[in-house]
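# dropping the sequence and predicted coords here.
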Amino acid sequence: MIDDDSKELFLHAVWCELDKAKSKFPWPNPNLAALMEEVGELANALLEKKDIREIYKEAVQVATMAARCAIEGDPQFKT
Ligand SMILES: [Mg+2]
């Protein structure tokens with residue numbers, strides 16, 4: 001079930017991770033490659049039946065990199 005509290009918690013985690021990611025890997029960052037890496041880590045966490053906290057963490061990182069692709073684009077694919 002996705003209720004308002006769980007949505008807010010997830011989005012807050014993405015907000016925090018976005019700040020962390022931007023400061024650790026500022027623009028220009030290969031955002032699409034990073035997103036694909038995170039998708040792979042999320043898939044592995046699910047396939048390996050890891051703890052739900054690990055799966056959640058990877059899902060937050062996927063959403064964070066998707067946000068960076070949406071907001072910043074990717075320097076390797078300039079439009
Ligand atoms: Mg990860």
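In hand now; what should we look at? Numbering: from 1, shown residues only.
# check the burial of Leu42 by counting its neighbours.
21 (other CB atoms under 10 Å). Bear in mind the C-beta positions are built from the backbone N, C-alpha and C, glycine included.
# isn't it up against Val60?
No: using CB atoms under 8 Å as the test, Leu42 is too far from Val60 to be in contact (9.5 Å).
# residue ranges of the helices in the chain, please?
In the chain, the helices defined using DSSP state H lie at 4-24, 31-47, 52-72.
# can you confirm whether the first one lies near the ion?
By that I understand helix 4-24. No: figure legend: helix 4-24 not in contact with the ion (CB under 5 Å from the ion); closest approach 9.9 Å.
# quick check: angle from that helix to helix 31-47?
130 degrees (axes from the mean of the first three to the mean of the last three CA atoms, to 10 degrees).
# and helix 4-24, which residues are buried?
For helix 4-24, a neighbour-count test (16 or more other CB atoms under 10 Å) marks Ala13, Val14, Glu17, Leu18, Ala21 as buried.
# which ones are touching Leu47?
The contact partners of Leu47, by CB atoms under 8 Å, 6 or more residues apart in numbering, come to none.
# hmm, I typed the wrong one, I wanted Ala33.
Taking CB under 8 Å, 6+ apart, one finds Asp74, Gln76 in contact with Ala33.
# closest to Lys49 out of the buried residues of helix 4-24?
Ala13 (21.6 Å; CB to CB).
# how about the closest one: what's its closest non-neighbour residue?
Spatial nearest neighbour of Ala13, excluding adjacent residues (CB to CB, 6 or more residues apart in numbering): Val60 at 4.6 Å.
# quick one: pLDDT of the one you found?
What the model reports as pLDDT for Val60 is 98.
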